[in-house]
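> build me a model:
(one chain, ligands or ions: 3)
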Amino acid sequence: MPPTVDSSSQRAVRWYPPSYDIRVETVAIPEIEHPDDAIVKIQLSGLCGSDLHVYRGTGRATEPCIMGHEFVGEVVALGMSFHSSSSGRPHLYSKLRVGDKVVSPFTVSCGECHFCRVGFTCRCVESRLFGTPATPGGQAQYVRVCRAGGTLYSLQDIPDGSSLADSSLLLLCDILPTGVFAAFQALSHAKIQPFTTGQPYPLGSSLSQVGDVSFLPFLEEDQLLTMAVIGLGPVGVCACIALLDMLVSRKSRFNVIAIDPNETRRAKMASIYAIICGNQPSGEFQVADINNGKEVVASLTNGLGCNAVLEVVGNTSALRLAYDLVRPFGCINSVGVHSDHAVPYKGVELYNKNVSLDFGRCPVRAMFPMALELLLKRQDVLGSVGGETSLVEKIVGFDDAAQIYDDFDKGKCGKVLFDPWK
Ligand SMILES: NC(=O)c1ccc[n+]([C@@H]2O[C@H](COP(=O)([O-])OP(=O)(O)OC[C@H]3O[C@@H](n4cnc5c(N)ncnc54)[C@H](O)[C@@H]3O)[C@@H](O)[C@H]2O)c1
Ligand SMILES: [Zn+2]
Ligand SMILES: [Zn+2]
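Numbers count the residues shown, from 1 in each chain. Ligands and ions are numbered 1, 2, ... in the order given. Presented below is the predicted three-dimensional model:
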C-alpha cells in the first residue's frame with residue numbers, strides 16, 4: 001500500500017454516523033491555518049476507549065470525522081508564531097523546530113489562559129479534543145495541531161524521553177496520565193487522609209492541631225485503605241498501576257479490588273500485578289467480576305465498603321456499582337467519559353452516605369511529570385509490545401482499522417496502536 005496517493009493527500013481513519021462505521025479514506029494533508037499551528041507527521045497513534053464513544057454513536061458527533069487523539073510524530077511545518085524572538089509565550093514558540101519529535105496530549109491547550117496557568121489544562125478556554133469533526137484526529141498520516149506551542153511536548157523537554165520506544169511514549173498522550181490522575185485525586189482527598197496519616201478527620205488534613213481530641217486511638221483496621229477500580233480496559237490498568245505505585249511508595253496498608261466482567265482483562269491485570277508488586281507485604285490485590293467484586297469488598301471490610309472507588313468505564317451501571325461499593329464518607333472518582341444519561345443517584349443517596357463525587361477529563365499537562373516518572377519506572381509493563389504483561393498489545397496498519405475497532409469494542413483485544421505507514 002503506498003503511504004500517500006500524491007503529495008497533497010494522506011490516508012486517515014474516518015468514522016461515519018450514526019455508529020460502527022469505520023472507513024480508511026484518502027483525504028487532504030492538513031495545512032497551517034493559523035500562525036500558532038504545527039503540522040505533525042504521525043509515527044504512531046492510539047486507539048482508545050474514548051474513541052469507542054464516538055464509534056458507538058453515543059458521543060455527540062453527527063458528521064464524519066478523522067478519529068484518534070493519541071499521537072507521537074515529527075513536526076513538518078510550523079506557523080509564523082514559531083521564531084527565536086517569540087518571548088512571553090510558552091517556550092515552544094521559540095524552541096520548536098521542523099524535524100523535532102513531539103508527543104501530544106489528547107486535547108489542545110493554549111498554555112496562556114487562567115486554566116492553563118493553574119494546571120487545569122483540560123479546561124483551557126481554547127480546549128479542543130482531537131478526533132472530532134472540529135479537530136481532525138491523529139489516526140491519520142498528518143495532523144494539524146492548533147495552539148501547538150502550548151499543546152505539544154517536544155522530546156527535548158522530556159527527561160530520558162529518547163530512551164523510550166514510541167509505543168511507550170504514546171501512553172503519555174492520554175491513558176497513563178489519566179490513570180495517574182484518577183489515583184492521585186482519590187488519594188489526595190481530605191476524606192482519605194485519616195487512612196494515610198493515622199489521625200481522625202479532619203486533623204489528618206489540617207496543619208494546626210488545636211484542641212482536645214477525645215477520639216479513641218485507631219484500631220489496626222482503621223488504617224487499612226480499601227479501594228476499588230472499576231473497569232480494566234487500558235485506562236483502568238493504568239489507574240491500577242498508578243494506584244499501586246502510590247500506595248506502595250507511601251507504605252500504606254491497602255486492599256485493592258479491580259473489577260471487570262471481561263475475564264481476559266482480569267487475567268491480564270492479575271499478571272501485571274504479579275510483575276509490579278508480587279507479594280507486597282503491606283497490601284492485597286484481587287481481581288473480580290461485578291458480583292464477586294461486591295462480595296469481596298463486603299468481606300474484606302466487614303460490610304463497610306471502599307474508602308474510594310475509581311470508575312474507569314464510562315457507563316451508568318459502573319457509576320451505580322461505584323456507589324454500591326463506596327462506604328459512608330467515601331469518594332467516587334470517575335474518569336470514565338459519560339454521555340447524556342443522568343448520574344444514577346438521588347441527592348438523598350449521596351447525602352446519606354456523605355459521598356464525594358469527582359468527575360472529568362484528565363489535565364494531561366499537569367499530570368505529565370508524574371506519568372513520565374511512572375512510565376520510566378514501569379518499563380517492564382509499559383515499555384514492551386505484545387507480551388503477556390505488556391499494556392500495548394499490538395501495532396497494526398490502517399488496513400486493519402475496521403476490524404480492530406470491532407474487536408476493541410467487544411473487549412476482544414486491549415490497547416492497540418496504529419502505524420499509519422504500515
Ligand atoms: N477522563 C479522561 O480524561 C479519560 C481519558 C481517557 C479515557 N477515558 C475514558 O475511560 C474509560 C475507559 O477507557 P478504556 O480505554 O480503558 O476503555 P475500554 O472500553 O477498553 O474499557 C472499559 C472496560 O470496562 C469494562 N466494563 C464495562 N462495563 C462495566 C461495569 N459495569 N463494571 C465494570 N467494568 C465494566 C469493560 O469490560 C472494559 O474492559 C472510557 O470511558 C474512556 O472514554 C477518560
Ligand atoms: Zn485516549
Ligand atoms: Zn489555555
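
> gap between the two ends of stretch 347-362?
25 Å (Cα to Cα, to the nearest Å).

> the residue of the stretch 301-422 of the chain found nearest ligand 1 and ligand 2: what is the separation?
Here the residue of the stretch 301-422 of the chain nearest ligand 1 is G314; by Cβ to the nearest ligand atom that distance is 2.5 Å. The way it works is simple: take the backbone N, C-alpha and C, and place the C-beta from them, glycine included. Distance, G314 to ligand 2, using Cβ to the ion, to the nearest Å: 11 Å.

> got it, and L382?
15 Å.

> swap in D157?
Taking Cβ to the ion, one finds D157 at 21 Å from ligand 2.

> show me the contact partners of the helix or strand that contains Q185.
Assessed by DSSP states H and E, Q185 sits inside helix 175-188. Residues outside helix 175-188 that contact it (Cβ atoms under 8 Å, 6 or more residues apart in numbering): 46, 48, 70, 105, 192, 196, 227, 234-243, 246-247, 250, 308, 310, 312, 331, 333, 335, 358, 362-364, 367-368, 370-371, 374-375, 382, 415.

> now the residues you listed: which count as buried?
Using 16 or more other Cβ atoms under 10 Å as the burial test, those include 46, 48, 70, 105, 192, 196, 227, 234-243, 246-247, 308, 310, 312, 331, 333, 335, 358, 362-364, 367-368, 370-371, 374-375, 382, 415 as buried.

> filter those residues by proximity to ligand 1?
Of the residues in those, proximity to ligand 1 by Cβ under 6 Å from any ligand atom holds for C48, P234, V235, G236, V312, V335, C362.

> does any part of stretch 253-267 sit near ligand 1?
Yes - applying Cβ under 6 Å from any ligand atom, one finds that stretch 253-267 is in contact with ligand 1 at I259, D260, P261, N262, R265.

> I should have written stretch 124-135 there, sorry.
No - contact of stretch 124-135 with ligand 1 (Cβ under 6 Å from any ligand atom) is absent, the minimum separation being 9.7 Å.

> where is the longest helix in the protein?
helix 234-249 (DSSP state H).

> that one to helix 175-188, inter-axis angle?
Relative orientation of helix 234-249 versus helix 175-188 (axes from the mean of the first three to the mean of the last three Cα atoms, to 10 degrees): 50 degrees.

> what mean pLDDT does helix 234-249 have?
Average pLDDT, helix 234-249: 97.

> how about stretch 358-368?
Computed over stretch 358-368, the average pLDDT equals 97.

> near ligand 3, anything from it?
No - judged by Cβ under 5 Å from the ion, stretch 358-368 and ligand 3 are separated, with a smallest distance of 9.7 Å.

> could you work out the end-to-end span of that stretch for me?
20 Å.

> so how far is the worst-scoring helix or strand of the chain on mean pLDDT off the chain centroid?
Every helix and strand of the chain was ranked by mean pLDDT, DSSP states H and E. The lowest is helix 193-197, at a mean of 89. Distance of helix 193-197 from its chain centroid, counting by Cα atoms, centre = their mean, to the nearest Å, is 26 Å.

> sorry, back to before: in the helix holding Q185, what's buried?
175-187.

> repeat that for stretch 374-387.
For stretch 374-387, using 16+ other Cβ under 10 Å, the buried residues are L374, L375, L376, R378, V381, L382, G383, S384, V385.

> quick one on the thing from earlier: past the least confident helix or strand of the chain, which element shows up next along the chain?
With secondary structure assigned by DSSP H and E, helix 193-197 is succeeded by strand 224-230.

> ligand 3 contacts on the stretch 51-200 of the chain?
S109, C110, C113, C116, C124.

> for the stretch 151-300 of the chain, give the residue positioned nearest to ligand 3.
T151 (9.4 Å; Cβ to the ion).
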